[in-house]
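J.: need a 3D model of the sequence below.
(4 chains)
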Number of protein chains: 2
Amino acid sequence: MANMKEIARIAGVSLGTVSNVLNGSARVRDPLRRRVEEAVQSIGYQPSALARGLRRDKTNMIGMVIPDVTNPFFPAVIRGAEDVAFSNGYRLVLCNTDNDHVKELAHLNELRTYLPAGLIVIPSNFSDLTKQAESYQRNGAAVVCIDRLPKRWQGDSVTVANEHGAAAVTRHLIRLGHQRIAVIAGPLHLTNSEQRLRGFRRAMSEAGLPVPPEYVQETSFDVPGGRAKAMLLLRLLPRPTAIFAANDMIAMGVIEATRSLGLQCPGDLSIVGFDDLEFASLLNPSLASVFQPGYQLGATAARLLLDRVRGDTSPARHIVLETELRIRESVAPPVDASQPPQRRKAATASPPGTKKRTSTRRRS
Amino acid sequence: MANMKEIARIAGVSLGTVSNVLNGSARVRDPLRRRVEEAVQSIGYQPSALARGLRRDKTNMIGMVIPDVTNPFFPAVIRGAEDVAFSNGYRLVLCNTDNDHVKELAHLNELRTYLPAGLIVIPSNFSDLTKQAESYQRNGAAVVCIDRLPKRWQGDSVTVANEHGAAAVTRHLIRLGHQRIAVIAGPLHLTNSEQRLRGFRRAMSEAGLPVPPEYVQETSFDVPGGRAKAMLLLRLLPRPTAIFAANDMIAMGVIEATRSLGLQCPGDLSIVGFDDLEFASLLNPSLASVFQPGYQLGATAARLLLDRVRGDTSPARHIVLETELRIRESVAPPVDASQPPQRRKAATASPPGTKKRTSTRRRS
DNA sequence: GATGATTTTTGAAACGTTTCATTGTGAGGA
DNA sequence: TCCTCACAATGAAACGTTTCAAAAATCATC
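T.: All right, here's what the predicted structure looks like:
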């Protein structure tokens, strides 16, 4: 009832003219234009997004495919994407995949039938995504992959400097005098996990420190996983004096394990995470972490996507966002009876050892 | 190209027959049905959601309107709704409103043009929602309002037992011996805030305890708000021995304020929150809180909605979900020199309520 | 005022479905 | 053999847009 035909009737013009007024697609003389605009106002007409999408072969929807909205890192990403999309007239369709490639595939297949303008994906099923992306691109939809990428991803991407961030935080631990540093990595088939582990290893090997295999654990990005692996690590002899957790959820599991074994953090064990979730600074001890700009990740992806939607055909862009060290109470120099006096050790590891500590600590 | 006409051509049948096979809307004899199905398989045909929606006057989308996906309570709600929706073949379109009624209105107005099957709303702009809802319902879309409601909401709703939960946790504090209990409420124009405050007042008046006006503060549901109001409360004389924060974000702000004033929790101040977010139990001290079933809230709303979509025309349902007390380390009996000696010797004798703590702690 | 060039407006086709009145088919009864 | 009747299959219309060729109106020039 409230359709263009009605507007045309009220304004006494043709359908085509109404369309031209609405889309500014052709010149329309003032009197007609005014009559159309008034008619639109008078009945509060709004064009059907479905009919428009059908005809134009494209809608103003953007599919956002993420593993799980309840994982605290992702909402920030979503929010960034939503803000940019919304203010440019695009809407987000949210799809949880649970890291399940069947669900991912189902979402991708169905989403396409809505002819979205684009797709922002945090992928879980890498092998298929490339094929899917091609199929979307044939439909004229842009695809941006974020956070972690399929192995040979050719399209646009936005990620963070995982390796660099991991190396930086590891070096910080080393500078404090830690020598036995363990790592609890995320699922290693995810590129971000793998990069963080690589950064850790690089920093360790640069410092000439060994990384025994049992000091490297892999788990899912959640609290129970972190707790379980930490229990394992904290029973090793010699016990690590620091643990690098591949994200803050894992780190919280480590904190729990530490407490339940009656150990002190940072006294007996230094803990660092990755993400710097909002509440990391509110834990006790407040959690040192590598900040990832989640909001920027989403916002940048949306901007990249919109560029493509508007016709940018330049070569694929790979944007890497900076991470930032956020040192807090959960890290301190090791106190380890089995080692020579701590001060000297720290001094050998990094000449201005103690001084470094206070200076970096201020950053929290 | 991959449309029904193509399928009809390949299978050598008419368009209508293809439609009938796809929708099971009419009997189709086996040989034809098989040919159609094979044709569909052979080119991986999927019907256009847009064309279908246009023709049917309804899509399989559900609009989900929430204040802000980065507020940690909402992702659980979203997830619950998404799971139920997805497994029933519906998709979620996410809309952040920022509690901004202009944004809310913009979202609602545009969403409608997609002819969604329904709408799940956590409202911020109460006056308009009722009008909007009617407009959606005229379009055949169901509307379910959750978490907090417009004043005279007539439609389906799902909320939690805010008043009951608030009363329960307040009574717990009273039983522990607290007499000077302050409250930091959420924005009082939101029904959930108002209900929580009412529950608090009810428990206090039942116990014959006074609630001086300066012990009742209002703020937004976030950490800075909680911190600011807590600073205010903790400088009052006499100082409250317990603070009921209307959600966990506020409670975290209270914890921060407590620390920054050099006070001990629970020694000097007991703190309880509302929500029981995932990390509440991981704070130190772990935060006592009133658990709200966020996932259930979303899932129930989606189920209600789908009932309506499927033609249920029974009177509006108002579902109220139970809350649950989660007592943890952040509460203990008060230690207050200005009060007469406590009957419970243990409470005064033990340094800041250790005994009581362990006993209540079991419940977490 | 006639002519041609240019701008504005029109109307029909198309997008890919669903729906429904119509036509086609074959079986059973007379 | 013919007539009904139930059932299957068909094809055109409709959903609400956009697009574009064609028609109409306007303008500039002579």
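J.: for the rest of this, base every contact and every neighbour count on C-alpha atoms.
T.: Noted.
J.: which regions of chain A sit below the pLDDT cut-off?
T.: Scanning chain A for pLDDT under 70 picks out A:1, A:336-364.
J.: where along it do the helices fall?
T.: Taking DSSP state H as the test, the helices found in chain A are A:4-11, A:15-23, A:30-43, A:49-56, A:73-87, A:101-112, A:126-138, A:162-175, A:191-206, A:223-234, A:248-260, A:294-309, A:342-349, A:353-361.
J.: how far does the first one sit from its chain's centre?
T.: If I follow you right, that is helix A:4-11. 47 Å (C-alpha atoms, centre = their mean, to the nearest Å).
J.: for stretch A:257-277, same thing?
T.: The mean C-alpha position of stretch A:257-277 is separated from the chain mean by 24 Å, C-alpha atoms, centre = their mean.
J.: any part of that stretch near chain B?
T.: No. Using C-alpha under 8 Å from any C-alpha of the partner chain, stretch A:257-277 never reaches chain B; the gap is at least 10.5 Å.
J.: start to end distance for that stretch?
T.: 20 Å (C-alpha to C-alpha, to the nearest Å).
J.: which parts of it are buried?
T.: Buried residues in stretch A:257-277, defined by neighbour count with 16 or more other C-alpha atoms under 10 Å in any protein chain shown: A:257-258, A:265-266, A:268-277.
J.: then stretch A:48-56?
T.: A:Ser48, A:Ala49, A:Leu50, A:Ala51, A:Gly53, A:Leu54.
J.: for stretch A:79-92, same thing?
T.: A:Arg79, A:Gly80, A:Ala81, A:Glu82, A:Asp83, A:Val84, A:Ala85, A:Phe86, A:Tyr90, A:Arg91, A:Leu92.
J.: which of those are close to chain B?
T.: Of the buried residues of stretch A:79-92, the ones that also sit near chain B (C-alpha under 8 Å from any C-alpha) are A:Arg79, A:Glu82, A:Arg91, A:Leu92.
J.: what's the farthest-apart pair in those residues?
T.: By the measure C-alpha to C-alpha, A:Arg79 and A:Arg91 form the most distant pair in these, at 11.7 Å.
J.: residues from chain A in reach of chain B?
T.: Within chain A, the positions adjacent to chain B are A:46-51, A:53-54, A:68-70, A:72, A:75-76, A:78-79, A:82, A:91-96, A:113-115, A:252, A:256, A:282-285 by C-alpha under 8 Å from any C-alpha.
J.: give me the nearest residue to the residue positioned nearest the centre of chain A, chain neighbours excluded.
T.: Centroid check for chain A by C-alpha atoms, centre = their mean gives A:Asp147 as the closest residue, at 4.5 Å. Setting aside the residues directly before and after it, A:Asp147 is nearest to A:Thr159 in space (C-alpha to C-alpha, 6 or more residues apart in numbering or on different chains), at 4.6 Å.
J.: from A:Leu50, how far out is that neighbour?
T.: Distance of A:Thr159 to A:Leu50, computed by C-alpha to C-alpha: 34 Å.
J.: and if you look at A:Ser281?
T.: Taking C-alpha to C-alpha, one finds A:Ser281 at 46 Å from A:Leu50.
J.: go on, A:Phe200?
T.: Distance of A:Phe200 to A:Leu50, given as C-alpha to C-alpha: 50 Å.
J.: what do you get for A:Ile243?
T.: Per C-alpha to C-alpha, A:Ile243 is found 53 Å from A:Leu50.
J.: near DNA strand D, which residues of chain A show up?
T.: Those residues of chain A that sit near DNA strand D, judged by C-alpha under 7 Å from any atom of the strand, are A:1-5, A:15-16, A:19-20, A:22-23, A:25, A:46-48, A:51-52, A:54-56.
J.: returning to that earlier point: what's opposite the residue nearest to A:Asp147 in the beta bridge?
T.: A:Thr159 has these beta-bridge partners by DSSP bridges: A:Val320.
J.: surely it meets A:Val144?
T.: No. A:Thr159 is not in contact with A:Val144 according to C-alpha atoms under 8 Å; the separation is 10.6 Å.
J.: hmm, back to that, list the contacts for the residue nearest to the centre of chain A?
T.: A:Ile122, A:Val158, A:Thr159, A:Val160, A:Asn192, A:Leu297 (C-alpha atoms under 8 Å, 6 or more residues apart in numbering or on different chains).
J.: so which of those residues is the most crowded?
T.: Most neighbours among the contacts of A:Asp147, by other C-alpha atoms under 10 Å in any protein chain shown: A:Leu297, with 26 neighbours.
J.: residues near the closest residue in space to that one that isn't next to it in sequence, how many?
T.: Setting aside the residues directly before and after it, A:Leu297 is nearest to A:Val77 in space (C-alpha to C-alpha, 6+ apart), at 5.9 Å. Residues contacting A:Val77 under the criterion other C-alpha under 10 Å number 26.
J.: with A:Arg27 instead?
T.: 10.
J.: quickly list the domain ranges of chain A.
T.: Using automatic domain parsing, the domain ranges for chain A come out as A:4-47, A:57-160+A:295-321, A:162-292+A:324-361.
J.: nearest to DNA strand C: which residue in chain A?
T.: Residue of chain A nearest DNA strand C, by C-alpha to the nearest atom of the strand: A:Val28 (3.1 Å).
J.: that residue and chain B, how far apart?
T.: A:Val28 sits 25 Å away from chain B, going by C-alpha to the nearest C-alpha, to the nearest Å.
J.: now that residue. Nearest residue, chain neighbours left out?
T.: Leaving out its chain neighbours, A:Val28 is closest to A:Val21 (C-alpha to C-alpha, 6+ apart), at 6.7 Å.
J.: what about the one you found, how many neighbours?
T.: 18.
J.: close to DNA strand C: what parts of chain A are there?
T.: Residues of chain A lying near DNA strand C (C-alpha under 7 Å from any atom of the strand): A:12-17, A:26-32, A:51, A:54-55.
J.: and with 6 Å instead?
T.: A:Val13, A:Ser14, A:Leu15, A:Gly16, A:Thr17, A:Arg27, A:Val28, A:Arg29, A:Leu32, A:Leu54, A:Arg55 (C-alpha under 6 Å from any atom of the strand).
J.: done for today, thanks.
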